[in-house]
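Peer 1: sharing a model prediction with you, sequence too.
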Amino acid sequence: MSARLTSDFWVSAYVRRCQIEGAYALVRRRGAREAGAILIVVDWLDGANDVYAPAPQSEADDVRGRSFERVAERIDGLAVEERIKRELKFDPDVWVVAVEDRRGRAFLDEA
């Protein structure tokens with residue numbers, strides 16, 4: 001079993017990857033430095049958003065270390081905020097990363 005990257009390191013690299021690809025990305029909320037869960041919100045810039053959350057452990061990819069699944073597709077900003085509130089009640093150590101991309105790219109295939 002390989003050592004997993006810390007959440008803060010992974011988020012930093014992920015934000016940089018998004019920016020390299022021409023998307024705008026920022027950390028909306030910092031969670032636990034070592035192992036906080038990461039929630040990613042992709043804003044299509046047309047009023048729609050996709051939300052990605054950690055995939056169940058049974059689907060985790062040992063090679064990449066982190067796997068995500070889309071848990072909400074093309075929802076409005078209010079629904080995104082409700083989703084974040086629910087996550088924070090369940091896990092106060094969660095990270096929230098916001099990505100703005102007109103094509104709705106999440107860049108998780110190579111993150």
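Peer 2: Here it is on my side, so go on.

Peer 1: residue 28 touches residue 97, doesn't it?
Peer 2: Yes: with contact defined as Cβ atoms under 8 Å, residue 28 counts as touching residue 97 (6.8 Å). In this view, the C-beta of every residue, glycine as well, is placed from N, C-alpha and C.

Peer 1: so between the two, which is more surrounded?
Peer 2: Here residue 28 and residue 97 are compared on neighbour count by other Cβ atoms under 10 Å; more neighbours surround residue 97, at 21 against 11.

Peer 1: identify the residue nearest the more buried one in space, chain neighbours excluded?
Peer 2: Taking Cβ to Cβ, 6 or more residues apart in numbering as the measure, residue 97 lies nearest to residue 40, with 4.9 Å between them; neighbours along the chain are not counted.

Peer 1: bridging residues for the one you found?
Peer 2: Residue 40 has the following beta-bridge partners by DSSP bridges: residue 52, residue 97.

Peer 1: report the central residue of this structure.
Peer 2: The structure's the chain has its C-alpha centroid closest to residue 40; by Cα atoms, centre = their mean the separation is 2.2 Å.

Peer 1: next up, the contacts around that one.
Peer 2: Residues counted as contacts of residue 40 (Cβ atoms under 8 Å, 6 or more residues apart in numbering) are 14, 51-53, 68, 96-97, 99, 106, 108.

Peer 1: look at it and report its pLDDT.
Peer 2: Among the per-residue scores, residue 40 shows a pLDDT of 99.

Peer 1: ramachandran coordinates for residue 50?
Peer 2: Per-residue torsions, residue 50: phi -110, psi 150 (degrees, to the nearest 10).

Peer 1: which of the helices or strands spans the closest residue to it other than its chain neighbours?
Peer 2: Nearest-residue entry for residue 50: residue 42, 4.5 Å, with adjacent residues in sequence omitted and distances by Cβ to Cβ, 6+ apart. Counting by DSSP states H and E, the element that carries residue 42 is strand 38-43.

Peer 1: re earlier: so what sits against both of residue 28 and residue 97?
Peer 2: Shared contacts of residue 28 and residue 97, defined by Cβ under 8 Å, 6+ apart, are found at residue 41.

Peer 1: what is the neighbour count of residue 25?
Peer 2: By the criterion of other Cβ under 10 Å, residue 25 has 21 neighbours.
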